[in-house]
Each structure stands twice: as C-alpha cells, then as structure tokens.
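Engineer: model this:
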Amino acid sequence: MMMPVASRTDAFTAFQSQLRTLCLNEFPCGSGSWRTSTEKNVSDTRFTVTLKDYGANKEQEEALEEFVTSKFSPYSVDYSWSDEAKGLREIAVKSPWLITEDFIHNHFKTLRIVDKNVHHLDTGLLKLPYLEELTVTANHLTTVHSQNIPKTVKVLELVANKIDDLEQLCEDPPPELQHLGLGLNNISALHDYITGAYWPCLLSLDLSHNNLCDLIEIINKLSSLPKLRNLVLLGNPLALIPGYRGFTIDSLRKLDILDDLMISADEKHHFKGLARRKEYVLDEAKMTVKISAATGIPPPPEMLSTEEVPLYPVTTRTYYVEFKFLEDFQSKTRAESDNKKEQEKDKDQEKDAVANGNPAGGDDGGDKENPVTITEESSDVTSTCSPQPDPKDPTLTPSHTPPPTLKLVPYRTKGIRWTEEGFQFQYSQDIVIDDLPALKEYFKKGMELSIKEDKILSRPAETEESTEESKGGKDGKGKDKPPPPTGDKKKKKKEPEVELVHSPPEVSVLGTYTLELAEFIEGEYMIDETCTCKGQEGTTTGEEEALKEEDDGTDSKKDKKKKKERSDSPKGKKGKGDGKESKEGKDKGKKPASKPDKKESKAKRPGSGKSQHSDEEEEKPPPPPLTVSISVELHHWKTAQESIPSQTVMEKMALLEETIHE
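Structural biologist: The predicted structure follows:
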C-alpha cells in the first residue's frame, strides 16, 4: 500500500494547530462547569466545595493551576513550541474571560514551527504584531517572502529547508533583525543579497552546510555587514580550503566567533596580512593520504602445501592496498594538455595529408587505425552517488537535483611479497582537488579501501627447437637424433638463461573497508585509524581447498598402496592345504574370552578418533584480522607564512601554466 503523503500547510495554519493543543476552552482551562461559582449569596470559604449547591464536580482555582503547571499532571501538554504557551494556559485558568483571538495573537513573542511540512510563509503571520523570534526549521521552504514576516522579528531561523534563492527574502526584510539562520539549505551564491544595505543590524549569520564555494567573493560580500560578530560557514565546500579560517579572520577584523569557536588574539596576530595575499588563496583543497602497514594477510597456499612444488609455472604473489579518490588536479591538467597537444598534431597531420593529395585517414593506400589515447580516467572505475536525472522529469526541481557523479581514480601502494615480518608500505600521497563540491560529496560517501593480491604465473617461452621436436613426435617418424659431436666435456657451453613468459595478473580481493570521512565536513583536519577489513568470500579459500584436496588424494593413494602390500604379504596369504590344518589354525587363532579392561574399552570406542580430530580442529585459533593503518589529513594554514608556497611548488605551478598556455 502507498504511504499517505502529508498535505502542504502554511506557517499560520501550523501555528493554529499547535495552539489547539493547549485546550484553552477545555478542562482545566476555560470557564466551564468545573469551576467554583462566584455568586454573592454564597460565602467564599474553604468549606464551599462541601456545600450541597456545588457537589463534587467543582474545583478550586489552586487545583486547576496545579493541573496546568505540574509536569506529572495528566493534563500537561507540550510547551516547547513557544515560550509564552505555558503562561497563556495559566491565564486561561486564572482569567478565562481574557482569552480572545486578539489577546492570543498579541501574547506571543516567540514561535517555533519544527517539522510541520510547511511549504510557505503566508500573510497570516502578520496577525502576530509583537513576534520577535520566528523559527521555521526542518520544513520544505524553497523561497521566503520577507513581506509576510512581521517587522518586529529580531531572530529568524530558517535552518534545514530547501532554500536556494535569497532574492524574495531581501525585498523588504525586518529592519531590526539581529540573527539570520540559513544553515542546511541549498544556497550556492549570495550575490548582493547578504549585504549591509539589507541587513544593517545583523549580528549573527549562519550559512553552514550549504553549497558556497568561492571564498574570496563570499567574504567580500560579508565584509559590508557593519555589526557582524558571529559567523558560521562550516560545512560549505569553501571551508575545505587550507586558508579558509585565516583569510576569514583577517578579512573580517570585527568578527568574534567563527564556526562556534572564539577567535583569539593569537589567531588574529598569526593571520595578519593574509587578506592582502588573495593570489595565494586558491579554491582548492589539499589532502595527504598515508598508509603505513598492514597485518593479518594469510600466507600463500604454496607455503602451506607439504608436497613438492613443480619447477614451472613460477607463481609470484604481491600484496598491496588500493583506495579510490578523486583525480588529482595536477594530473588532470597534464592529461588535458597532453590531449590538446595530440589533437593539434592530428589536425596538422590531416592538413599535411590534404596538401599532399592523400585522403584523410589514409597513408600510401594503407589503412591506419585512429590513435586511441588512454587516459587515467578512462581506465578507472567510475562510481556514482545516484543515478543521472532525467531532464524531462517534471517533478525535478533545482532543489531536488541529485548530487553530482563522482569520478574516482584508484590509488595503490607498491606491491610487496609475503613475509612473516609483516607489510610495511610507508606510502604517502599528496592529492590536490579543485572540485570542492565533489570533494564534499566524497567525504559524505567515505573512502573505499581494499587489500588485494596479484598472482602472476611465469612459464618458459617455447623456442623453435622445442616446437620442431613436438612436431616430429607427433608425426611418429621415430627417427633418432644424431649423436652430438664428440669433444672435450670441459668445452661445453654454458646453458642460456630460461626466458619466462608472464601471464596477466589475477587480482583477488582479500578484504575491504569503508573509511568514514564526514568529520572533515564538521571541521576536523586529521583522521588516523586502524581499519579492520571484512574478508571476501571465494578469494583465497578456493586455492587452499584445491591444495587440501590434492593432499587428501595423495594420502588416499598411500593408504591403497599399504593395503596392497598387506594383502601381498605371506601372513595375509592362506595356504590351500587340508581342512584339518585350517580348522586347527582357526582353533589356535581363537583366544579365551576375558573381560576387557575399562581403560582399553574406553580408548577403543568407535568414533573416539573422530572426536579427538574434531577437538583438534576446534582448538585451532581463528585467523588474525586484516588490518590497515591509514591516516588522512586535510591541510590547513596555521599562520599567514604558510600561504607562501615553496620554490618547488612555484616551479610546478609555472610548468603547469606553461603547459596550459601551450
């Protein structure tokens, strides 16, 4: 069955539904029959309740107030949606004649509408003339009309919605607004809407967990807010830039709190002058991945087998750790420049061919295949966060667009052969990413690690002589080879080294693990973890089982040989003599019956050997877990001096610029 879809509601409708939960005209509130009478002919004493005229259905005002204020009362309701809700209910008990529609609307100063499926802020909110704090979070707002917000509002929280456009919010904003919360939305640009012209009294601004990428442009817009003291930009792609915090602190000198952390005087001193070095603040992030060691990799099956291993094929096994990450910015630019150069060469060759009279694509009448350039990206596996959207889908809006596809490139450590001492990779890789939104999505997804094994079989190459010999044997001529020429044995030539032909590697996955990297989005800079990988079924167990079967087959052959030897021995052969001799032999073979010993009977019970064998198998300890020690670092500047790149980095940047210009 289809789940019922909640109907869309307006903000004022959600407020009225929350107001009805107070039950202002029901027991114990309101002026109902449950209240004590206020007639003048009845004396107002503590014995009034026991009079015959009132009975047991009457309640004193103190008891009704206790029903409202006590947490343990069965008539207690939720007051968290407004600070004035509890006071309004108490007024409904003490002075129920004051409860009117205008009184209720004038009473509220704070209003919180959380997860009520609100899609629109309507004009009904203007009926609350003294509202100072409006919170509409975890709803479905896409745009906010500031004309429908009371002008007295000082705190506006619009967190966890689907807002992607700020134009209508800035048409006529509340003039005295001090805090604006726009976190967890789909805002990708501020344009000229978050400036001092629209928000002159803004003290606090929350833009966390949006899609803001251009750090310099965003900070230039925010620098026009004259009273800004608290700023939250955490969770945006721009917060992954190494100089994000330092550049923000030095550009907004009046800022006191950044990302819920107090800005110290030391920070302001260390980052002084960074705002003037905008050419070094690039919209890119730098990561360093280090893989130190791996443990728990089982030994190769060849080492466990007891039989003699044949000389050929030679089995070579290497082990390495592989992880998938976004493509490095420098390698991407080099690949693009190489592709451009190859395309230009192809065009020049075509022009020369046309000038010489040869048709395009052919040379001297011979067919040539078009050159195929295999880039690193084409040979790698691309994983997607979500299927690609259909552009003709009418339900697809800009706020509902799925995250972009992630093109991941495999990185791997060097291959190491198995040793008892363990695997010390000491791998380190610096990765520069210029696609910051894709990097944020990658952090949400996590890093996929895998321990892999490459198995290569090497056999001697077949020479011409060996092929001729094999052909001669097949023809069946049976001609003996001529004897080699006689000579001194000492003058024999040295045997040449055997050339081996290597088969393509057979890759098997020993274990996998997904390293969570979402902490980088929340402001962490270092993740150091020892990952326990999950084993893959059917990777190495098949080879081990095959070797075990071979061992079992050899053991069974040995047992058969032993049985044959016993049957062929003289003790096993019975002579074909007289029947008396055989009877005497039978009588002699019989022994007098005797009570067996308890110890022997216990030791010779059937199945006792099986139980001992099973106990031995159970006593075997489990294999050690597959572990990988990995650390991932997100680079960030601690001082303004770190913004100046070293000479090697400057040289690399110059080479990249030259290749791009060429």
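Engineer: how about low-confidence regions in the stretch 151-300 of the chain?
Structural biologist: Across the stretch 151-300 of the chain, nothing is flagged by pLDDT under 70.
Engineer: What are the boundaries of the strands in it?
Structural biologist: In the stretch 151-300 of the chain, the segments counted as strands under DSSP state E, counting those that start in this stretch are 155-157, 179-181, 204-206, 230-232, 257-258, 261-262, 285-295.
Engineer: other SSEs contacting the last one?
Structural biologist: Using 3 or more Cβ pairs under 8 Å, 6 or more residues apart in numbering; DSSP states H and E, the elements in contact with strand 285-295 are strand 314-326, strand 423-433, strand 626-634. Yep, even glycine has a C-beta here, placed from its N, CA and C like the rest.
Engineer: so what secondary structure elements neighbour the first one?
Structural biologist: Using 3+ Cβ pairs under 8 Å, 6+ apart as the contact test, the elements touching strand 314-326 are strand 285-295, strand 408-412, strand 423-433, helix 436-445, strand 447-460, strand 626-634.
Engineer: what residues does the first one touch?
Structural biologist: Spelled out, that is strand 285-295. With contact meaning Cβ atoms under 8 Å, 6 or more residues apart in numbering, strand 285-295 is reached by 240-242, 319, 321, 323, 325, 411, 413, 422-433, 436, 439, 451, 624, 626-635.
Engineer: tell me the contacts of the closest residue to N161 other than its chain neighbours?
Structural biologist: Nearest residue to N161, sequence neighbours excluded (Cβ to Cβ, 6 or more residues apart in numbering): L141, at 4.1 Å. Residues in contact with L141 (Cβ under 8 Å, 6+ apart) are V118, H119, H120, L121, L158, N161, K162, I163.
Engineer: What of I527?
Structural biologist: Shown in contact with I527 (Cβ under 8 Å, 6+ apart): L515, L517, E519, F520, S631, V632, E633.
Engineer: for it, helix, strand, or coil?
Structural biologist: Taking DSSP: H, G, I helix; E, B strand; the rest coil as the rule, one finds I527 in the strand state.
Engineer: Tell me the bridge partners for it.
Structural biologist: V632 (DSSP bridges).
Engineer: hmm, back to that, which among the helices and strands packed on strand 314-326 is found nearest to L88?
Structural biologist: L88 sits nearest to helix 436-445 of all these, at 42.9 Å, using Cβ to Cβ.
Engineer: between that closest one and strand 423-433, how many degrees?
Structural biologist: Counting by axes from the mean of the first three to the mean of the last three Cα atoms, to 10 degrees, helix 436-445 lies at 140 degrees to strand 423-433.
Engineer: Going forward, count from 688.
Structural biologist: All set: I'll call the first residue 688, so the last point we hit is now helix 1123-1132.
Engineer: what angle separates helix 1123-1132 from strand 1001-1013?
Structural biologist: 120 degrees.
Engineer: Mean pLDDT per helix and strand in the chain: which one sits at the bottom?
Structural biologist: Every helix and strand of the chain was ranked by mean pLDDT, DSSP states H and E. The lowest is strand 1053-1054, at a mean of 38.
Engineer: now the helices and strands packed on strand 1001-1013 as TSV including distance to S763 and mean neighbour count?
Structural biologist: Output for the helices and strands packed on strand 1001-1013, formatted as TSV (distance: least, Cβ to Cβ, whole Å; neighbours: other Cβ atoms under 10 Å):
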stretch	distance to S763	mean neighbour count
strand 972-982	51	19
strand 1095-1099	54	18
strand 1110-1120	53	16
helix 1123-1132	40	20
strand 1134-1147	49	18
strand 1313-1321	48	20
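Engineer: For L912, which of the ones you listed is the nearest?
Structural biologist: Nearest of these to L912, taken as Cβ to Cβ: helix 1123-1132 at 24.0 Å.
Engineer: Counting by contacts, list what the closest one packs against.
Structural biologist: If you count contacts as 3+ Cβ pairs under 8 Å, 6+ apart, helix 1123-1132 packs onto strand 1001-1013.
Engineer: can I get the strands of the stretch 838-987 of the chain in JSON lines with distance to E753?
Structural biologist: Listed next are the strands of the stretch 838-987 of the chain as JSON lines, based on distance: least, Cβ to Cβ, whole Å:
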{"stretch": "strand 842-844", "distance to E753": "33"}
{"stretch": "strand 866-868", "distance to E753": "37"}
{"stretch": "strand 891-893", "distance to E753": "40"}
{"stretch": "strand 917-919", "distance to E753": "41"}
{"stretch": "strand 944-945", "distance to E753": "43"}
{"stretch": "strand 948-949", "distance to E753": "44"}
{"stretch": "strand 972-982", "distance to E753": "60"}
